[in-house]
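Novice: All I have is the shape, not the residue letters:
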Ligand SMILES: Nc1nc2c(ncn2[C@@H]2O[C@H](COP(=O)(O)OP(=O)(O)OP(=O)(O)O)[C@@H](O)[C@H]2O)c(=O)[nH]1
Ligand SMILES: [Mg+2]
């Protein structure tokens with residue numbers, strides 16, 4: 001920690017643009033989104049003022065008042081009051097206010113001024129205010145607030161950043177702290193707005209209003225929601241197929257090259273079958289989909305549609321005994337449960353927060369995507385893009401509905417809460433996405449995915465290869481060879497566990513590896529079911545799918561029948577196979593018991609559900 005640097009804190013209402021300003025000042029790429037409650041922890045960075053002073057900048061979660069109850073708002077308050085252990089109180093507060101929403105944002109700004117710390121007001125979103133016809137007078141605003149410097153900026157376009165930096169110079173301005181009551185603040189804010197931000201006389205319906213009439217409509221809204229979901233999955237499938245083909249071809253070329261340029265032996269087999277095939281066909285092929293998924297999530301977050309989806313879901317959430325506030329954390333869990341669990345910090349009610357943390361991993365995260373992408377096309381021969389998109393939507397809906405039902409039961413058991421959660425979701429205006437941020441964010445995610453391919457997954461594949469190869473047997477028969485190997489023995493141990501699900505020890509072993517990382521499943525399957533190199537060009541494409549479709553039991557029965565596939569998909573919907581998530585759950589819920597309980601519960605639930613699906617569908621199909 002850079003303790004000696006002077007610290008500037010960014011405070012303000014949710015969705016005021018604090019993190020956008022933080023990124024603009026420090027060059028960081030922290031998460032921004034067009035809804036309240038994106039930032040839930042303190043993030044710090046550094047920047048230089050034009051006078052060459054280096055300052056530390058702390059981005060805070062947004063808050064409506066300095067006495068809010070939810071964990072994220074407490075972080076903001078404690079930081080401003082200097083109550084965070086090991087952290088000095090900030091030397092200066094930059095209070096970010098939304099110029100197009102001045103009346104409400106000023107109330108908090110006045111509270112911040114009353115703290116007695118030096119304050120500079122960053123009057124953000126001047127573009128939006130101007131479009132709405134507001135006539136802003138920063139000079140007047142500054143006078144009315146007792147001389148606090150006011151700098152108009154547009155954080156998402158980098159406008160006014162230099163001026164803002166210039167305002168952060170010594171001596172830091174010390175405003176007089178008047179000590180208003182809550183009511184006085186309200187009236188004062190109104191008065192100031194009338195003087196410093198004059199509204200146009202006529203109120204015209206904005207584009208956001210017009211869009212919302214459709215997108216929040218009790219019927220059309222849901223229709224639009226469904227269309228957006230299916231549209232996204234369909235696009236992911238159809239566009240990604242092209243680069244996937246290239247990656248598969250590329251993997252084939254590299255494997256052929258390894259096979260051609262080395263003499264036969266264990267090392268060649270390790271490189272060609274273990275590493276190249278596992279990493280290429282088991283992991284890299286999914287990069288295009290992952291990139292597209294995060295791109296679309298970024299688009300939804302950035303445009304403001306996410307907040308609408310939460311609004312639509314409010315009624316459904318209420319039936320599950322939760323507020324719409326729990327929906328946004330659940331929604332971000334579709335990307336990854338870790339930020340989802342973190343985002344529960346915006347929930348005031350401690351019990352509702354625990355319940356949300358508990359069910360968050362059932363929102364299908366991006367790591368499950370490769371598993372579904374491999375299994376879904378096997379369900380029917382020659383599935384169309386639309387059919388796949390429908391099955392995908394069904395998978396996501398299944399996870400979500402189960403999560404809500406379990407949340408409802410759990411919520412009932414935990415009993416009433418002292419602090420009832422009041423749902424205060426703001427509907428931000430629709431905004432043009434921050435493209436640069438989205439692209440950097442997607443690149444970051446892709447990088448993390450590639451890193452896992454090069455580290456933990458690579459290690460898993462090497463271990464698998466070794467287990468499959470040693471100890472060696474005298475036999476020439478591939479089946480006997482496998483049975484003799486360490487892998488065959490592990491498979492024999494896990495087989496009784498997965499046989500009731502219609503799977504054999506090989507599939508069982510692949511499931512086992514995915515407890516280390518879900519993405520390992522496909523690569524493991526590639527290795528475990530690997531058949532002899534085929535000379536046929538067409539077969540290289542979708543090789544794993546062809547292999548799995550042809551896989552049989554020793555007695556010749558087809559293994560991946562429709563019931564077995566459905567069971568396996570259901571298993572992956574429900575299984576919690578992610579150690580990092582468990583670690584974050586333990587931290588956020590404040591107890592390891594909660595995390596272990598969740599892991600055990602979800603694993604057992606997954607097995608039972610897969611068992612039921614396999615057994616029941618077997619009766620009919
Ligand atoms: N039009 C316009 N949009 C902006 C401006 N600054 C930020 N935004 C958008 O406002 C939204 C909210 O930005 P964030 O930076 O995430 O807001 P925040 O204050 O950090 O929000 P929380 O972390 O939820 O408290 C994003 O969609 C930004 O693209 C601006 O000056 N003009
Ligand atoms: Mg933020």
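Specialist: Nice, thanks for sending it over. Remember, predicted model here, so these are calculated numbers, not experimental data. Numbering: from 1, shown residues only. Ligands and ions are numbered 1, 2, ... in the order given.

Novice: use CA for all of it now, contacts and neighbours both
Specialist: Will do.

Novice: Report the buried residues of the helix or strand hosting residue 162.
Specialist: Under the criterion of DSSP states H and E, residue 162 resides in helix 161-167. Residues of helix 161-167 classed as buried: 161, 164-165, 167 (neighbour count, 16 or more other CA atoms under 10 Å).

Novice: average model confidence for the helix or strand that that helix is followed by?
Specialist: Using DSSP H and E, the helix or strand that follows helix 161-167 in sequence is helix 182-196. In this model, helix 182-196 has a mean pLDDT of 86.

Novice: Now the element after helix 182-196, going C-ward?
Specialist: According to DSSP H and E, the helix or strand after helix 182-196 is strand 197-198.

Novice: and that next one, what other elements does it pack with?
Specialist: strand 135-136 (3 or more CA pairs under 8 Å, 6 or more residues apart in numbering; DSSP states H and E).

Novice: Touching the strand it packs on from outside, list them.
Specialist: Contact partners of strand 135-136, identified using CA atoms under 8 Å, 6 or more residues apart in numbering, comprise 99, 129-130, 196-199.

Novice: can the helix holding residue 162 be found next to ligand 1?
Specialist: No: Helix 161-167 is not in contact with ligand 1 by CA under 6 Å from any ligand atom; minimum separation 10.6 Å.

Novice: try stretch 146-160
Specialist: Yes: on the criterion CA under 6 Å from any ligand atom, stretch 146-160 is in touch with ligand 1 at 154-156.

Novice: Next up, phi/psi of residue 429, please.
Specialist: phi -60, psi 150 (degrees, to the nearest 10).

Novice: and if you look at residue 471?
Specialist: phi -70, psi 150.

Novice: How far does stretch 353-364 stretch from one end to the other?
Specialist: 19 Å (CA to CA, to the nearest Å).

Novice: Low-confidence ranges, the chain, go.
Specialist: Counting by pLDDT under 70, the ranges of the chain that qualify are 1-3, 177, 200-204, 418-425, 531-542.

Novice: Contacts only, for the residue in the stretch 351-500 of the chain that ligand 1 sits nearest to.
Specialist: Taking CA to the nearest ligand atom as the measure, the stretch 351-500 of the chain has residue 434 as its residue closest to ligand 1, at 5.3 Å. Residues near residue 434 by CA under 8 Å, 6+ apart: 156, 302.

Novice: returning to that earlier point: counting neighbours, which of the residues of stretch 146-160 next to ligand 1 comes out on top?
Specialist: Within these, most neighbours by other CA atoms under 10 Å means residue 155, with 26 neighbours.

Novice: surely that residue meets residue 19?
Specialist: No: at 9.1 Å, residue 155 does not count as touching residue 19 under the criterion of CA atoms under 8 Å.

Novice: ok so, going back, which of the contacts of strand 135-136 are buried?
Specialist: Buried, going by 16+ other CA under 10 Å: 99, 129, 196-197, 199, out of those.

Novice: gap between the residue in the stretch 151-300 of the chain positioned nearest to ligand 1 and residue 597?
Specialist: Nearest residue of the stretch 151-300 of the chain to ligand 1: residue 154, at 3.2 Å (CA to the nearest ligand atom). Separation of residue 154 from residue 597 (CA to CA) stands at 47 Å.

Novice: residues near residue 114, how many?
Specialist: 17.

Novice: err, residue 549, not the other one
Specialist: Around residue 549 there are 17 other residues, counting by other CA under 10 Å.

Novice: What of residue 83?
Specialist: Counted with other CA under 10 Å, residue 83 comes out at 13.

Novice: Got the phi and psi for the residue lying closest to it once chain neighbours are set aside?
Specialist: Counting by CA to CA, 6 or more residues apart in numbering, the nearest residue to residue 83 once its immediate chain neighbours are dropped is residue 89, at 7.6 Å. Residue 89 has phi and psi values of phi -70, psi 150 when expressed as degrees, to the nearest 10.

Novice: residues in contact with residue 120?
Specialist: Contacts of residue 120 by CA under 8 Å, 6+ apart are 92-95, 148-151, 167-168, 173.

Novice: Okay, residue 569 and ligand 2: tell me how far apart.
Specialist: Here the criterion is CA to the ion, to the nearest Å. By it, residue 569 lies 36 Å from ligand 2.

Novice: Find the closest residue to ligand 2 in the stretch 501-621 of the chain.
Specialist: Nearest to ligand 2, among the residues of the stretch 501-621 of the chain, is residue 588, at 19.2 Å (CA to the ion).

Novice: got the residue ranges for the helices in the stretch 1-150 of the chain?
Specialist: 18-26, 71-81, 102-114, 126-131, 138-144 (DSSP state H, counting those that start in this stretch).

Novice: Which of the residues in the first one are classified as buried?
Specialist: Along helix 18-26, the positions that meet the burial threshold by neighbour count (16+ other CA under 10 Å) are 18-25.

Novice: hmm, back to that, identify the bridge partners of the residue of the stretch 151-300 of the chain closest to ligand 1.
Specialist: For residue 154, the beta-bridge partners under DSSP bridges are residue 159.

Novice: Against ligand 2, how distant is it?
Specialist: Residue 154 is 15 Å from ligand 2, by CA to the ion.

Novice: Repeat that for residue 299.
Specialist: 17 Å.

Novice: which residues does the closest residue to that residue other than its chain neighbours contact?
Specialist: Computed as CA to CA, 6+ apart, the closest residue to residue 299 that is not its neighbour in sequence is residue 433, at 6.3 Å. Contacts for residue 433 (CA under 8 Å, 6+ apart) come out as 299, 302-303.

Novice: could you pull out the strands for this protein?
Specialist: 6-12, 43-48, 54-59, 92-98, 119-124, 135-136, 150-152, 197-198 (DSSP state E).

Novice: So is the fourth one next to ligand 1?
Specialist: In other words, strand 92-98. No: using CA under 6 Å from any ligand atom, strand 92-98 stays clear of ligand 1, with a minimum separation of 7.5 Å.
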